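Student: All I have is the shape, not the residue letters:
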Ligand SMILES: [Zn+2]
């Protein structure tokens, strides 16, 4: 007989139901909220989360998952790895000011770099470690939050970023050898973790959880040995709580037997999506006899209800493989909105298919009850769940016969432009008459406060649609006049009508839903409200035609049509899980294909379809990447291949490290691609040239992420570098991203300098 199964979670949304945390932190930054008041708000939110979890039936709550900014940054503080430049701020202004200096920088010191937390849309602050790094334990936050929970009467399990993942997420500190590998610091770091464990034990922790999602990626033998070493050392400590290690976001693969054999007391495994393979791998590794398994059977990253019957079957199998099986979401609930109950505008037919954090907690409680007491104890909930799933399956929203028939009828010829690139390039040259080194921008222009205010006024009914439209039209005119005066060759309308590059289209496509309170942390105090891609996707009418054709009517130069590509439309949404993503992407692509056709028929000669998410959505495991890249590139081509030879297709990506997807970029078959390159000094151009990339490229010549204005000579030098690999007829001149977040002052000067540089280098080349 196994022990009773318990429900648990690894972490809960931090922001509070009304984003109280964001408001308190930003108020503190603005000097309106004292440090004391901010910390009180934070403590109140933690207490509220624990109370909710306990009332829902969770008997062991997580601590330490809460953060004022980022849990990896908290770990940096915990191990004493605060970089020297931020220590000065700590010394002068105190720990909290130092913490926010690491997160956001100050006038004098740069912040830590920020990057994506695995393949989620959450961003963490990258630790900076070097051969000289000295670690020192600072368990105050972990111990303090545990004490808070205990004082409130809870049984709590501190959750920490594990030492192996922490080191693997770090980068070499400034000044260190770029080839330095932080994982080499493991033996220096382990005593710090040992000290933290002892402190948590003294504060009353029975269990401590180490999160090691980095072990759910492909890892070589050296890293697997490091993981084995780490948990052998930590397991051998005498003065410590019981330890469990959680891996999530994918299967643990070769790391699973390593962790299963380690002298620790439990494992947390993900059994959703591709991580379902953990089940077989666990059986093959001999299970976890006598140990605790936390089974992540409820998807912690998506918003759909669980198939409770299916999960119970998985859990029943797992009962034979471990001493005790507890039930949890697959990962921290940080990645989903807090409560479906806050949504009053949702179609109730769809609402019953959705589960946000609060609803997912109820699901794991139900599953644990079913596992402990038998399905009879949850018969009512199982029946309701079956009804909900069936209603989704049968819904006209998820099964639009017209959309399905059209997607099924796609043939390979629909995903290939009929003419080879050479023929297209000649036709486009004849139609567009562009000079060598043509100049353009990526799409958006600065969004002024006036525009944001007008959008709010329109929503609140303070102005009518006509007044709003007139403002948009005049904004477009002024952006066009500016570009013509600056001498830019291919113009954009500047996107003043768009709130966000995914949301704007989601609001105009069938199959997408918007939430009112579905906020999810992107980083720090930045929250996003991803649309929910719930049903079959179709386009009720043109989405961008009006403003693009209006812009084209105001100028003799070509204006680019601007669309967001199918992969990005999925990546920055919650995507349905009841069909393969490839199928969903194909539906979005077909809707975009119609938009492309409408733009072309209205005389638009250049159409850009942005795919900034193509690389960031790469599966964590290399074995899964070819299949992903195949459907991702096919969806892009399906959206863009229906055009004539003389219509020029552009795409844009927001990064320079695209080496691993170079073949996929080629496979997009876009006539022109613009990429980030300013910060990597046109290495992009070299790489593309070296790989024999045959089409036109626009490696960014200035970094829009910085307010710094480049002078013309600096841009010219970059262009000359670019010409070393790419001939003038195929090299475009553009900034490296959209200008939405920049100020008009710097944009004006930067673009003037960019055009001047293109003229100088064009003259030299001619
Ligand atoms: Zn970009």
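Tutor: Noted; the coordinates are in hand. Just so we're clear, the structure is a prediction, and the values are computed from it rather than from any experiment.
Student: Tell me, please, where in the stretch 101-250 of the chain the pLDDT is lower than the cut-off.
Tutor: Along the stretch 101-250 of the chain, no part satisfies pLDDT under 70.
Student: Quickly list what the residue in it positioned nearest to the ion is bridged to.
Tutor: Per CB to the ion, residue 116 is where the stretch 101-250 of the chain lies closest to the ion, at 14.7 Å. Just so you know, the C-beta spots here come from the backbone N, C-alpha and C atoms, and that holds for glycine as well. With DSSP bridges as the criterion, residue 116 is bridged to residue 123.
Student: and residue 91, what does it touch?
Tutor: residue 98 (CB atoms under 8 Å, 6 or more residues apart in numbering).
Student: Which of the helices or strands spans the residue lying closest to residue 607 once chain neighbours are set aside?
Tutor: Closest residue in space to residue 607, ignoring its immediate chain neighbours: residue 561 at 4.1 Å, by CB to CB, 6 or more residues apart in numbering. Using DSSP states H and E, residue 561 sits within strand 560-564.
Student: pLDDT averaged over the next helix or strand after that strand - what is it?
Tutor: Toward the C-terminus, strand 560-564 is succeeded by helix 566-571 as the next helix or strand (DSSP H and E). The average of the pLDDT scores along helix 566-571 is 97.
Student: before we move on, what about stretch 417-433?
Tutor: 97.
Student: quick revisit: I figured the residue nearest to residue 607 hits residue 597, correct?
Tutor: No: using CB atoms under 8 Å, residue 561 makes no contact with residue 597, being 10.8 Å away.
Student: Give me the more crowded residue out of these two.
Tutor: More crowded of residue 561 and residue 597, by other CB atoms under 10 Å: residue 561, with 29 against 15.
Student: Next, work out how far apart that one and residue 386 are.
Tutor: Separation of residue 561 from residue 386 (CB to CB, to the nearest Å): 46 Å.
Student: Run a quick neighbour tally on the closest residue to residue 754 other than its chain neighbours.
Tutor: Nearest residue to residue 754, sequence neighbours excluded (CB to CB, 6+ apart): residue 715, at 5.4 Å. Using other CB under 10 Å, residue 715 has 24 neighbouring residues.
Student: just residue 304 next, same as before
Tutor: Going by other CB under 10 Å, the residues that sit close to residue 304 add up to 20.
Student: which ones are touching the residue of the stretch 101-250 of the chain closest to the ion?
Tutor: Contact analysis of residue 116 by CB under 8 Å, 6+ apart lists 122-124, 616.
Student: out of those, which is most surrounded?
Tutor: residue 124 (24 neighbours).
Student: Residue 397 touches residue 534, doesn't it?
Tutor: Yes: counting by CB under 8 Å, residue 397 does reach residue 534; the two are 6.5 Å apart.
Student: Now the strand or helix carrying the residue nearest to residue 754: average pLDDT?
Tutor: Here residue 715 sits within helix 712-723, counting by DSSP H and E. For helix 712-723, mean pLDDT is 94.
Student: chain center to that helix, what's the gap?
Tutor: 33 Å (CA atoms, centre = their mean, to the nearest Å).
Student: just the strands in the stretch 151-300 of the chain please.
Tutor: In the stretch 151-300 of the chain, the strands defined using DSSP state E, counting those that start in this stretch lie at 155-161, 171-172, 207-211, 242-246, 266-270, 288-298.
Student: Dump the ones you listed to CSV, plus distance to the ion.
Tutor: Formatted as CSV, those follow (distance: least, CB to the ion, whole Å):
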stretch, distance to the ion
strand 155-161, 29
strand 171-172, 22
strand 207-211, 31
strand 242-246, 34
strand 266-270, 31
strand 288-298, 34
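Student: Just send those strands back as TSV, with distance to residue 418 and mean neighbour count too.
Tutor: What follows is these, written out as TSV (distance: least, CB to CB, whole Å; neighbours: other CB atoms under 10 Å):
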stretch	distance to residue 418	mean neighbour count
strand 155-161	52	24
strand 171-172	46	16
strand 207-211	50	25
strand 242-246	51	23
strand 266-270	44	26
strand 288-298	47	23
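Student: Which one, of those, ends up nearest to residue 105?
Tutor: Nearest to residue 105, of all the strands of the stretch 151-300 of the chain, is strand 171-172, at 16.5 Å by CB to CB.
Student: got the angle for the helix or strand containing residue 363 vs strand 288-298?
Tutor: Using DSSP H and E, residue 363 falls within helix 357-373. Counting by axes from the mean of the first three to the mean of the last three CA atoms, to 10 degrees, helix 357-373 points 140 degrees away from the direction of strand 288-298.
Student: buried residues in the next helix-or-strand element following helix 357-373?
Tutor: The helix or strand immediately downstream of helix 357-373 is helix 379-394, counting by DSSP H and E. Burial within helix 379-394, assessed by neighbour count using 16 or more other CB atoms under 10 Å, is assigned to 381-382, 385, 388-389, 392.
Student: again with stretch 344-358
Tutor: For stretch 344-358, the neighbour count (16+ other CB under 10 Å) marks 346, 350, 352-358 as buried.
Student: ok, now stretch 412-425?
Tutor: Buried, per 16+ other CB under 10 Å, within stretch 412-425: 415, 417, 421, 424-425.
Student: Okay, now that stretch: how far is its last residue from its first?
Tutor: One end of stretch 412-425 sits 22 Å from the other (CA to CA, to the nearest Å).
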